[in-house]
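Novice: this is a predicted model, with the sequence first.
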Amino acid sequence: MENFKHKRLSKMRKKEILEFYLVISPWIIGFCLFIGYPIVYSFFLSFTEWDLLSPPRFIGIKNYVELTIDPLSRQSLKVTGIYTIASVFIILGIGFSIALLLNQRIRGVYIFRVLFYLPVVFAGVAVALLWMWIFNPDFGLINYLLSLVGIKGPAWLYDTKYALWALIIMSIWGAGGPMLIYLAGLQSIPTQLYEAAIIDGAGPWKKFWHITIPMISPVILFNLVIGFISSFQVFTQAFVMTNGGPYHATLFYVLYLYQNAFKYFKMGFASAQAWILFVIILTVTLLIFKSSARWVYYEAGRRR
Amino acid sequence: MKKMGVLISVLLLILVVVNGSYAAEKVTLRYLSWFAGASGLVEKEVLDIYRAKHPNIELKKIDIPAGWGSYDDKLFIMIAGGNPPDVAELDTWWSQRFFERGVCVDLDPLIERDKVDLSVFRPGFVEEGISVYDGHMYGLPWAAGMVLIFFNRDAFDAAALAYPEKGWTTEDLMDYGKKLTKDFDGDKIMDQWGYMGGSWPSWFETFVWGGRWFDEAGELSITDPRFVKGLQWAADLTLVHAIQPTQAQAQSISKTGVERTGKIAMWKSWCGSVGWDHRAGIEFREYVTYLPRAVNQPGFTFQKGNSTVILKATEHVEEAWDYVKWLSYSDEAQFAWAKNWAYPTTIKAVQSPEYINAPGAPNILQAAAYPMETIIHPPYEVPGWTEAFFKLFRPEIELVFLGQETAEQAMAKIEPEFKKILREAKERVSK
C-alpha cells in the first residue's frame, strides 16, 4: 500500500514537473534566444575584431588590453565613476529627506506625494531637452536664480568644468523613485517602536537614529544597489544634451560603448567594454552586499 | 480524356505565363534615404515621377525616424541583419566605410555597358572620396552640394554695406563682421552677430591658408602652420574679435535655426538646404556668396557629395541600376530636383535657366551653379579619418573654441593618436 502511494505520488510529481516546465517554457525559450544567446555571443565577440559586415576575426585578449591603454576608456570610466558616486548619494539623500517629510500626517500630503513622484513619470529625451533650457547660460532658470543673488552663473553644459556637474544636478529629477520606496519602508515601521521609545524618554533625533535608520536600512541597501547599477549605465542625458562633450567632459562609459559599436563599428571592442562594465557593476554590488552586514538591520535576525 | 489533358496543360501554361509576367511586373525596390520633412517632400515629388513612369517597379521608400544622425547605424544594422535595402543614399561622411567593406555593387561594368557619360556630372562629384573607392565607382552622385556663405541682406542694408562678392577675402569677412556685430540697446548682450561658422563640420577654414589634412607624401599634416592658422583664425573670430557667438550664446538665440532669427549677419551653410526651406515655406531673405579666400591665396569651392548605391545583396541589380541611373543621370529627375531649388548634380540642370532663374529665388542658385575652379573636400577616402575626426579632432577643437588651448597645442596633442587610428584602419583594410 505504501509502495503504491509512493509510486502514485511520484507520477503526480512528474506530471507537476512537466507542467511546470511547459508553463515556463515560453519564458525559457525567450530568455535563451533573446538574452542568454546575445550574452554568450557578446562574450565571444569581445575576443574578436568585428565591424558588423565582415566575419568576426579572433584576436585573443587584444580588446581588453586596448581598453586598459585607451585614454578615452579611462576618461569614460572616470566620468562615470564621479557621476555615479555623486548622483547616487545625492539622490538617496534627497529621496530620503523628501520621504521623511511626506511621511507626516498633514493635510494634502497625497498631492505632494504625487507631485514629487511626477518627474519620474516624465523621463528620457523630452526631459533632457527641458534641462538644456534650464542650464542655458543666458536665459536658463538656474543662472537666473543665481543672478538674483549676484552670482554670474557658468556656461554649464558648454563648460568643461561644469558640464558633468550639470548632469549630476539634473539627476535629482529622478529622486522621486527612491523616495517612493523609502516612503513604503517608513510606513512599514511598527508604530509601537516609536511609542516605546517615547515612554523611555527618547527625543526625535534618538528615535530617528535608533529606530528609523535601522528599520529602513534594508530599503537604503536596495536603493543604493539599484542606484549604482542604473548610474553606471547612464546614457540618454549625455547622448541628447552633450554627446559626451565638451572635450569628453561627459563621455559616459555606456555612451562611449555606443559610439564604438555604432559609430566606429568596433563591435568586438564594445563587447569587451560591456563585459568590463558587467564586472565592475558585479564587484561594486558584491562589495555593497558584503558591507551591508555591518550596517543593515534585519528585524528577523541576521541575514544569511 | 486526351482533350481534357490538353485543356489542363493549356490552362497550366496560361497560369505560368500570367504568373510569370505578373511577377516580372511587380519588382519591389526598397530605397533608403534620410530625407524627411520638407526635404522628404521634395524627394517624394521626384520619386513619384519615377513611380508613374515605371508601373512594373514598386519603389518603397524606407524612412529613418532618427534621420541623418542615425542613418549609417541603421544601414549597417540592416546589412548585418540580412535585411538591406536594394538602393541607398550615402553621405560622404560614411560612404567610404561601406565601399571599403565591399557591400556595394561595383558600378564600373554597368557604366561601361550602358555608356554612361560621367562628364555630365558637376566637377568634384565623380572622384575618390565621393563616389569612388580604390579606383572603382560605387555610386552615382545625388543631392550633393557645396558650402557657401549666406548673408542677411537686411543687416547689410541697415549698415549701408556693399554685399560681399566672389573674390572677397577673410579680411573682408572680419571687417564686415566687426561692422555687423551690434548691441543695439546697450544692455551688453549682442543683438546681432557678424558671423557664425556654425556646427556644420566642414572646417573649410583649415584649407584657406593652404593647409591640407595630408601632405603630398600622404602623411598627416595637421600640425602644418598653414592648417593650424586656419583653425586658430576660426576660433579667434569668437575669442579675439568677438564677432561670432560661442556655442552657448548661439543656443541662447535659438536651439535650432539660429541663422534665420535675423541675429546673425553672415553664416556658413550647405547650398542644398535652400530647397528644403523653400518647400517648407520659409521666406528667403538672404543672399549667398562664395567662401572667402585668404589674401594671396586662391579661392576654392568646398564640396560635399552624396551618392546613390546599389547594395550587393539585392536580387534586382538591373532594376536597381535603372533606378539609380534615372535618379542621378536623367534630365527628368535632375530638373524635377532643380525646380525645387535643391541642388542638381548634372551640369546641364544646375546651369539651366529653370534653376538659375527660378522665380522668387535670390542669387544663391547662380552662386551654386558656378563653383570655383579649385574644388576641395575633406579626405573621406582615407581609412580611419572619419573616426579620428569625431573622436579626436572635434573634441579638441571644442577646447580651442573655449580658449583653453591654442590650435597649435591642440593639433600637436592629437597628432600621435590620430596617426595611430589611421595606421590601424589601414591595417584593417589591407587584411
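Specialist: Ah, there it is.
Novice: please spell out which residues along stretch A:75-89 are buried.
Specialist: Within stretch A:75-89, the residues scored as buried using 16 or more other CB atoms under 10 Å in any protein chain shown are A:Gln75, A:Ser76, A:Leu77, A:Val79, A:Thr80, A:Tyr83, A:Thr84, A:Ala86, A:Ser87, A:Val88. The C-beta positions use only the backbone N, C-alpha and C, and glycine is treated the same way.
Novice: all helices of the stretch 251-400 of chain B, in order?
Specialist: B:273-279, B:317-329, B:331-339, B:347-350, B:353-356, B:364-369, B:385-388, B:394-401 (DSSP state H, counting those that start in this stretch).
Novice: for the record, mean pLDDT for the fourth one?
Specialist: Taken as a whole, helix B:347-350 has an average pLDDT of 88.
Novice: phi, psi of B:Trp93?
Specialist: Dihedral pair for B:Trp93: phi -60, psi -30, per degrees, to the nearest 10.
Novice: how many neighbours does the nearest residue to it once chain neighbours are set aside have?
Specialist: Ranked by CB to CB, 6 or more residues apart in numbering or on different chains and with sequence neighbours excluded, the top spatial neighbour of B:Trp93 is B:Thr386, at 6.1 Å. The number of residues packed around B:Thr386, counting by other CB atoms under 10 Å in any protein chain shown, is 22.
Novice: how about B:Thr386, what does it touch?
Specialist: Contacts for B:Thr386 (CB atoms under 8 Å, 6 or more residues apart in numbering or on different chains) come out as B:Trp93, B:Trp94, B:Gln96, B:Arg97, B:Tyr380.
Novice: what about stretch A:241-251, near chain B?
Specialist: Yes: using CB under 8 Å from any CB of the partner chain, stretch A:241-251 reaches chain B at A:Gly244, A:Gly245, A:Pro246, A:Tyr247, A:His248.
Novice: on that earlier part again, turn the contacts of B:Thr386 into TSV, including neighbour count.
Specialist: Below are the contacts of B:Thr386 laid out as TSV (neighbours: other CB atoms under 10 Å in any protein chain shown):
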residue	neighbour count
B:Trp93	18
B:Trp94	17
B:Gln96	25
B:Arg97	23
B:Tyr380	22
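Novice: which single one of these is nearest to chain A?
Specialist: Nearest to chain A out of the contacts of B:Thr386 is B:Arg97 (CB to the nearest CB; 7.2 Å).
Novice: check which helix or strand that closest one maps to.
Specialist: helix B:92-100 (DSSP states H and E).
Novice: next: B:Glu89.
Specialist: strand B:87-91.
Novice: could you identify the helix or strand that succeeds the lowest-mean-pLDDT helix or strand in chain A?
Specialist: Here the helix or strand of chain A ranked lowest by mean pLDDT, DSSP states H and E is helix A:2-31, holding a mean of 82. Downstream of helix A:2-31, the next assigned helix or strand under DSSP H and E is helix A:37-45.
Novice: what's the angle from that next one to helix A:2-31?
Specialist: Interaxial angle, helix A:37-45 versus helix A:2-31 (axes from the mean of the first three to the mean of the last three CA atoms, to 10 degrees): 60 degrees.
Novice: list of residues touching helix A:37-45?
Specialist: A:Pro56, A:Met267, A:Gly268, A:Ser271, A:Ala274, A:Trp275.
Novice: is it true that B:Val317 touches B:Val105?
Specialist: Yes: counting by CB atoms under 8 Å, B:Val105 is a contact partner of B:Val317 at 6.3 Å.
Novice: any shared contact partners between the two?
Specialist: B:Ile310.
Novice: more neighbours: the two, which one.
Specialist: Between B:Val317 and B:Val105, B:Val105 has the larger neighbour count (other CB under 10 Å), namely 22 against 14.
Novice: does the more buried one touch B:Tyr138 like I think?
Specialist: Yes: under the criterion of CB under 8 Å, B:Val105 makes contact with B:Tyr138 at 7.3 Å.
Novice: what do the two both touch?
Specialist: B:Val309.
Novice: which residue ranges form the helices in the stretch 51-200 of chain B?
Specialist: B:71-80, B:92-100, B:108-113, B:153-158, B:170-180.
Novice: which of the ones you listed is buried the deepest?
Specialist: Highest mean neighbour count of these: helix B:92-100, a mean of 22 (counted as mean count of other CB atoms under 10 Å in any protein chain shown).
Novice: pLDDT averaged over that helix - what is it?
Specialist: Rounded mean pLDDT across helix B:92-100 is 86.
Novice: report the rounded mean pLDDT for stretch B:420-431.
Specialist: 87.
Novice: just give me how far that stretch sits from the chain centre.
Specialist: Centroid displacement of stretch B:420-431 relative to its chain, using CA atoms, centre = their mean, to the nearest Å, is 26 Å.
Novice: buried set for it?
Specialist: B:Ile421, B:Leu422, B:Glu424, B:Ala425, B:Arg428.
Novice: ditto for stretch B:401-408
Specialist: B:Phe401, B:Leu402, B:Glu405, B:Thr406, B:Ala407, B:Glu408.
Novice: do the same with stretch B:115-132
Specialist: Neighbour count says stretch B:115-132 has B:116, B:120-122, B:124-132 buried, by 16+ other CB under 10 Å.
Novice: what about the residue of the stretch 301-431 of chain B found nearest chain A, how many residues nearby?
Specialist: At 4.4 Å from chain A, B:Glu398 is the closest residue in the stretch 301-431 of chain B, using CB to the nearest CB. A count of nearby residues for B:Glu398, using other CB under 10 Å, gives 18.
Novice: quickly find the element holding the residue nearest to it when sequence neighbours are not counted.
Specialist: Using CB to CB, 6+ apart and skipping residues adjacent in sequence, the residue nearest B:Glu398 is A:Pro246, 4.4 Å away. Under DSSP H and E, no helix or strand contains A:Pro246.
Novice: over to B:Ala250?
Specialist: helix B:247-253.
Novice: when you scan that helix, is anything in it near chain A?
Specialist: Yes: residues of helix B:247-253 contacting chain A under CB under 8 Å from any CB: B:Gln247, B:Ala248, B:Gln249, B:Gln251, B:Ser252.
Novice: contacting residues around that helix?
Specialist: Under the contact criterion CB under 8 Å, 6+ apart, helix B:247-253 has outside partners A:132, A:136-139, A:155, A:157-158, B:190, B:193, B:196, B:198-199, B:245, B:258, B:261, B:263-264, B:401.
Novice: among these, which are located in strands?
Specialist: Under the assignment DSSP state E, the contacts of helix B:247-253 contribute B:Trp193, B:Met196, B:Ile264 to strands.
Novice: got those residues as a markdown table, with distance to A:Arg294 and neighbour count columns?
Specialist: Shown next, in a markdown table, are these (distance: CB to CB, whole Å; neighbours: other CB atoms under 10 Å in any protein chain shown):
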| residue | distance to A:Arg294 | neighbour count |
| --- | --- | --- |
| B:Trp193 | 59 | 26 |
| B:Met196 | 58 | 26 |
| B:Ile264 | 60 | 27 |
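Novice: what's the closest of those residues to chain A?
Specialist: Closest to chain A, out of all of the ones in strands among the contacts of helix B:247-253 and judged by CB to the nearest CB, is B:Trp193, at 13.2 Å.
Novice: that closest one touches B:His241, doesn't it?
Specialist: No: between B:Trp193 and B:His241 there is no contact under CB under 8 Å: 11.1 Å.
Novice: quick one on the thing from earlier: which of the residues of stretch A:241-251 next to chain B scores worst on pLDDT?
Specialist: The member of these with the lowest pLDDT is A:Gly245, at 83.
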